[in-house]
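>>> Test case, fold it:
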Amino acid sequence: MPLTLCARALYKQRVWAVWVWGLLCLAAGQRHWAEQAFLAVLQRAPEHTGAMASLAHLMAQDGRLEPALLWQKGVAELQPNHASAWFNLGYLLERSQQPQQAEPAFRKALGINPRLDQAWYALGLVLFQQSKHTEALLAFQENTRLQPFNSHGWTMQAQLHHRLNMQVELDRTLSHLRGFDPKAAMALERSLLGGCVGATH
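This is a model prediction of the structure:
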């Protein structure tokens with residue numbers, strides 16, 4: 001192997017080793033050193049999407065949503081065909097109380113992987129936050145079609161049936177929910193009777 005190719009291979013191994021060390025630090029709770037490792041990787045390899053995504057994850061956990069969003073946007077730009085990149089971007093936008101911006105990110109994720117059940121649920125939430133109730137209901141229905149025992153998805157459907165005055169569908173949804181999560185059904189019925197309707201994360 002030519003010397004230049006050997007040097008490149010060694011360089012890539014070193015970058016990879018630093019990134020893995022950062023992941024190990026993060027797993028061990030050494031957040032400062034993990035962040036320093038990811039930043040060091042990006043100094044050497046500015047388009048290392050693994051380090052960018054790791055930084056976004058770490059910063060989001062610390063509540064630093066603005067820089068987390070910048071890193072995750074970079075990941076989505078570099079990996080436009082990865083559903084997870086768009087889903088994580090949508091998640092951070094939703095956490096940043098930007099449902100209008102989160103909606104297209106979740107839709108892009110679903111365009112790549114229509115079976116991403118958590119993206120259907122997340123899309124339903126941001127549609128609900130924008131008062132797009134009919135669209136939100138369809139998204140939650142798709143979520144529970146893919147994940148039949150997701151009580152959160154059924155709860156949101158019931159809340160939307162209540163808002164849209166769909167009593168027959170509400171009764172059917174409550175009956176289904178009682179069948180596998182009676183506690184959730186009971187809590188939901190109490191909230192509906194009390195007039196408290198809101199999104200469940």
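
>>> When you work out contacts or count neighbours from here on, use the C-alpha atoms and nothing else.
Fine.

>>> Quick one: low-confidence residue ranges for this protein.
Along the chain, the parts satisfying pLDDT under 70 run over 1-13, 195-201.

>>> how about 50 then?
Counting by pLDDT under 50, the chain contains low-confidence ranges at 1-3, 5-7, 10, 196-197.

>>> Identify the residue nearest the geometric centre of it.
The central residue of the chain, meaning the one whose C-alpha is nearest the mean C-alpha position (Cα atoms, centre = their mean), is Y91 at 4.0 Å.

>>> Report the distance from the helix or strand where that residue lies to the chain centre.
Secondary-structure element containing Y91, defined by DSSP states H and E: helix 83-95. Helix 83-95 sits 5 Å away from the centroid of its parent chain (Cα atoms, centre = their mean, to the nearest Å).

>>> sorry, back to before: the residue nearest to the centre of the chain and A17: what is the separation?
With distances defined as Cα to Cα, to the nearest Å, the gap from Y91 to A17 amounts to 29 Å.

>>> host element of L177?
Under the assignment given by DSSP H and E, the secondary-structure element containing L177 is helix 167-180.

>>> With L58 instead?
Counting by DSSP H and E, L58 is found in helix 49-61.

>>> which secondary structure elements does that helix contact?
Applying 3 or more Cα pairs under 8 Å, 6 or more residues apart in numbering; DSSP states H and E, one finds that helix 49-61 makes contact with helix 3-27, helix 31-44, helix 65-78.

>>> any residues touching the helix holding Y91, and which ones?
Judged by Cα atoms under 8 Å, 6 or more residues apart in numbering, the contacts made with helix 83-95 from elsewhere in the structure are 60, 65, 68-69, 72-73, 75-76, 79-80, 99, 101-106, 108-110, 112-113, 119, 122, 126.
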